[in-house]
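Chemist: make a model of this:
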Amino acid sequence: MAASAPPPEAAPVKKEPRIFSVAEVTRAVRGVLEAAFEEVWVEGEVSNFRQQASGHQYFTLKDADSQLSCVQFARGTWRKAVQLADGMLVQAKGRLTVYEARGQYQLVVSLVQAAGAGALLAKFETLKRRLAAEGLFDEERKRALPNFPRTLGIVTSPTGAALRDMLNVLARRAPWLRVIVSPARVQGEGAAAEIIAALDDLNTLAVRGIASVDLIVLARGGGSIEDLWEFNDEQLARAIAASALPVVSAVGHEIDFTIADFVADLRAPTPSAAAELVVPDTAELLRMLGQEEAFLHRHVLAAVESAKTQLAGLARSALFREPAQRVEQAIQRVDSAEQALARAVLAQLTALKQRADALAASLRQFRPDQRLALLRERLASFGVQISERFARHIAARRERLTRTRDVLRLLSPKNTLERGYSVTTNAEGKLLRSAQGIAEGSLLVTELRDGKVTSVVNNSKPGKKVKPRKTAE
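Modeler: Down below sits the predicted model:
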């Protein structure tokens, strides 16, 4: 019997994929995440910190590679251990979950403890102390701003709200002001280099006379410590200090401080406040000018009235009623003074002539020519006497020197030797004055008139043999 053929295989039924909603996926991820992490500790730097009116706190923990959103609820199991602020390095304890409305995982914090100052704040304080020690923050080196600037340079982002706010304030307070915007990025890596270049451009315009820029404002709106970090750049601080033009720092909000604020010539709490500080209010100027105008008007009127009163008094005086008589009296006084002066001069000349005659008579009486001749003779006589005395003194000195030389020659050792005497010394050249203390075998040198004799001391008795002394060759 033939084997029956196998029944045909049934076609596989195609399974339709399950389609999840966004909420279902988010809830599933939340369940997996919460099951995998019951409670964790996370260390990181606080940024973007904000506190709601309800007391809830929101912030981000970050490190060099990533960041994690965090929330602390005002009510619940968490307890506040530290006062949070941007830049703090903290350790947060909590549970990981997913905020379903945004599909974003986050850490619900129950405990926060400080792990030391944040890396950015530590770097900020280190640079601040070093630049302060160099004197970059000293008030003595900061310059005063011009009272009435004609041209203002602004370094900021051309699309930022800070520039719009400043231009609105400047247009209201000083519509006559010329504004030059030197654009630069004010956030993100490399922004500091662009700000430095923008500063240099404005200084170059002023130094080369291309544009009469009077001062510069660095402007940026508020933000986190990371957003404002480029204004803590050391090279930017040195560029601000080296600027030929005064620099105003208007970075962030009133509570934000950067290195640029400390080194700038003036720190403004906000860009809008900087616009109010650098230019006067036109309305206020007009009010002040009005006050000065009224003051000058009152004083000019008072001066005119005083001059009128003086003129009226002069018109009523005798000078204007009897001018001819006044002139005649003045002429008479001048003539009288002239005559008195002539008499005084004549009397003075007469007295001087009499004194000169008396001096001439006295001079003739003493005959100075004869006295001079007599003095010349006495001087010549003194010269002869001095010459003779000096010659006699020299001769006496020479004779005395000759006698002394003869005595020295007579007493010299050479003459003593010539008379038959000798001089004996030991081997070291020391003069011997006595025979005592001379050891046997000592070497003696005797100097005679015509040479020296060397001998050896022999104190032995006659007939005793003396061993000859061996001398070095």
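
Chemist: how near is Ser455 to Leu448?
Modeler: To Leu448, Ser455 is 12 Å away according to CB to CB, to the nearest Å. To be clear about C-beta, it is placed using only N, CA and C from the backbone, and glycine gets the same treatment.

Chemist: should've said Tyr99
Modeler: Look at Tyr99 and Leu448: by CB to CB, they are 132 Å apart.

Chemist: please apply the same query to Ala358.
Modeler: 95 Å.

Chemist: please, which helix or strand holds the closest residue to Ala132 other than its chain neighbours?
Modeler: Spatial nearest neighbour of Ala132, chain neighbours left out: Phe262 (7.5 Å); criterion: CB to CB, 6 or more residues apart in numbering. Secondary structure from DSSP states H and E places Phe262 in helix 259-263.

Chemist: tell me the spacing between Asn159 and Val457.
Modeler: Quick fix: residue 159 is Thr, not Asn. The value you get for Thr159 to Val457, if CB to CB is used, is 121 Å.

Chemist: of the two, which one has the most company?
Modeler: Comparing Thr159 with Val457 by other CB atoms under 10 Å, the one with more neighbours is Val457, at 14 against 8.

Chemist: is the more buried one in contact with Ile438, as I believe?
Modeler: Yes: between Val457 and Ile438 there is a contact under CB atoms under 8 Å: 5.5 Å.

Chemist: which residues are in contact with each of these two?
Modeler: Leu444 (CB atoms under 8 Å, 6 or more residues apart in numbering).

Chemist: can you name the residues that contact the closest residue to Pro175 other than its chain neighbours?
Modeler: Excluding the flanking residues, the one nearest Pro175 by CB to CB, 6+ apart is Thr282, at 6.7 Å. Thr282 makes contact with 173-176, according to CB under 8 Å, 6+ apart.

Chemist: same check on Leu215?
Modeler: Contacts of Leu215 by CB under 8 Å, 6+ apart are 145-146, 149, 152-153, 245-248, 278.

Chemist: tell me which entries of the residues you listed lie within helices.
Modeler: Val278 (DSSP state H).

Chemist: show the buried residues in the contacts of Leu215.
Modeler: When those are checked for burial by 16 or more other CB atoms under 10 Å, the buried set is 145, 149, 152-153, 245-248, 278.

Chemist: so which of those residues sit within strands?
Modeler: Residues of those located in strands (DSSP state E): 152-153, 247-248.

Chemist: between those residues, which sits nearest Ala74?
Modeler: Ala74 lies nearest to Val248 out of these, by CB to CB, at 40.2 Å.

Chemist: all strands of this protein, in order?
Modeler: Counting by DSSP E, the strands of the chain are 40-51, 57-62, 67-72, 89-99, 104-114, 151-156, 178-183, 215-220, 247-251, 266-267, 423-426, 443-448, 451-456.
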